[in-house]
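Q: Give the three-dimensional model of this entry:
(one chain, ligands or ions: 1)
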Amino acid sequence: MAKFRKIGVLTSGGDAPGMNAAVRAVVRSALARGVEVVGIYKGYTGLISGELKTITSADVANITGLGGTILYSDRCPEFATEEGMAKAIQTCKDNEIDGIVAIGGDGTFRGATDLSMHGIPTIGIPGTIDNDITSTDYSIGFDTAMNTVLHAADCLRDTCESHARCEVIEVMGRDAGYIALECGISCGATAVAIKELPFDEDACIEKLKELRAKGQRSFIVMHSEGMPKGFGEALTERINIEADIDTRFIRLAHMVRGGAPTLRDRLIATQMGDFAVDLILEGKSDLVVCQRDDKLVATDIAWALVVDRMYKNKLKDGDLDKFTAEQIEAMKVRCAQKKAVLEDMMDVAKTLAKN
Ligand code: F6P
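A: Numbering: from 1, shown residues only. Sure thing, here's the model as predicted:
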């Protein structure tokens, strides 16, 4: 504990509502333990260029309800280079930063583990609306993003019902269909398409035809951004022509990343921020804070990154070499659990869409 006089906090990758609550928790938790905090602006970009500022308790007052991130965010390819890392380490030395809390997604954790390897203790906090970090049940921003999508879908439903139309809605989630699936179920979508599970387009058209023949006026079809390029537009065209239902396409895109965070996101972000400070001040490093079965746990970042690649079928040669048989088994179990959750939800979505 005596070792830590100053820690840094940064947000990196795609922003997510609730990141500000996590920043506030890190700042206030550290200050309460007598540890100074510097904000690192624009993620790893700011660590390289030295864009830092001491953050006071007053600086983080009244920010839990703000969307975006007061520390700004960036994706920083330079950080993956030796020169970039050398500059970042130098910034830490020049500013006497003893450890870093990094809030973001898998790219953020890759950066965090690199910093840890270079002697800067770093703890990751999951923040991404996609909720696609396999090692945790929940990542900051997911609930707010889903509520934003749900609101949009409800609005679209109103006008579809008035005009007897169908709306095909694309939502964010490059690698993960959680937003599409959970929002699709919650807004009563007729069909949901995500890249992780098979989608029968012909069956979707037949179902729409059948429901229209029975008198249903409005329809929502939701799909994740991870589907092949042009999927939503092509499906819209097919529904128009083959089902003879007036159909429009909408891509909600970045709109879903903004807005005031929900209670759930503010609360979990606060708990994760506080827990991350506990970990770093206990001398721990190279860990990511995860929520599993409603508890916060610390997971080895290397394990978290590889289980994520395993789940997304992106394992690289040698990825599993440094893990024990038990660790690899635990990864497989985790992936199977995640997949089962998706499959169960898709079954529910299909069952409830029948009429
Ligand atoms: O943050 C994750 C994510 O929202 C993905 O769903 C999406 O593909 C990506 O960010 C978009 O990133 P950018 O803001 O860099 O366009």
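
Q: tell me, how many neighbours does T54 end up with?
A: Here the number of neighbours of T54 (other CB atoms under 10 Å) works out to 11. Quick note: C-beta positions are derived from backbone N, CA and C, even for glycine.

Q: could you give me the average pLDDT of the longest helix along the chain?
A: Longest helix in the chain, counting residues (DSSP state H): helix 325-353. Across helix 325-353, the average pLDDT comes to 95.

Q: And stretch 18-30, by the same measure?
A: On average, stretch 18-30 scores 98.

Q: residue ranges with poor pLDDT in the stretch 201-350 of the chain?
A: For the stretch 201-350 of the chain, no stretch has pLDDT under 70.

Q: Enumerate the residues of it near the ligand.
A: The stretch 201-350 of the chain comes close to the ligand at residues E225, R257, as judged by CB under 6 Å from any ligand atom.

Q: thinking again about what came up before, mind listing what's buried along the longest helix of the chain?
A: By neighbour count on 16 or more other CB atoms under 10 Å, the buried set for helix 325-353 is I328, M331, R334, C335, K338, L342, M345, M346, A349, K350, A353.

Q: Tell me who's in contact with the closest residue to the ligand within the chain.
A: As assessed by CB to the nearest ligand atom, the ligand sits closest to G14 within the chain, at 2.3 Å. Residues counted as contacts of G14 (CB atoms under 8 Å, 6 or more residues apart in numbering) are S73, G104, G105, T128, I129, D130, R257.

Q: Chain neighbours aside, what residue packs nearest to the fourth one?
A: It stands for T128. G105 (3.9 Å; CB to CB, 6 or more residues apart in numbering).

Q: Tell me how far the one you found lies from I169.
A: 23 Å (CB to CB, to the nearest Å).

Q: hmm, back to that, what's the farthest-apart pair in the contacts of G14?
A: Distance extremes for those: the farthest pair is S73 and D130 at 14.6 Å, using CB to CB.

Q: Tabulate the contacts of G14 in CSV, adding columns for secondary structure and neighbour count.
A: Listed next are those as CSV, based on DSSP: H, G, I helix; E, B strand; the rest coil; neighbours: other CB atoms under 10 Å:
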residue, secondary structure, neighbour count
S73, coil, 25
G104, strand, 31
G105, coil, 25
T128, coil, 27
I129, coil, 32
D130, coil, 26
R257, helix, 21
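
Q: So which of the residues you listed is the closest to Y311?
A: Nearest to Y311 among those, with distances taken as CB to CB, is D130, at 12.7 Å.

Q: Wait, that closest one touches G173, no?
A: Yes. The pair D130 / G173 is scored as a contact, 5.0 Å apart, by CB atoms under 8 Å.

Q: Overlap in contacts, these two.
A: I179.

Q: what's the spacing between stretch 224-242 and its chain's center?
A: Stretch 224-242 has its C-alpha centroid displaced from the chain centroid by 24 Å (CA atoms, centre = their mean, to the nearest Å).
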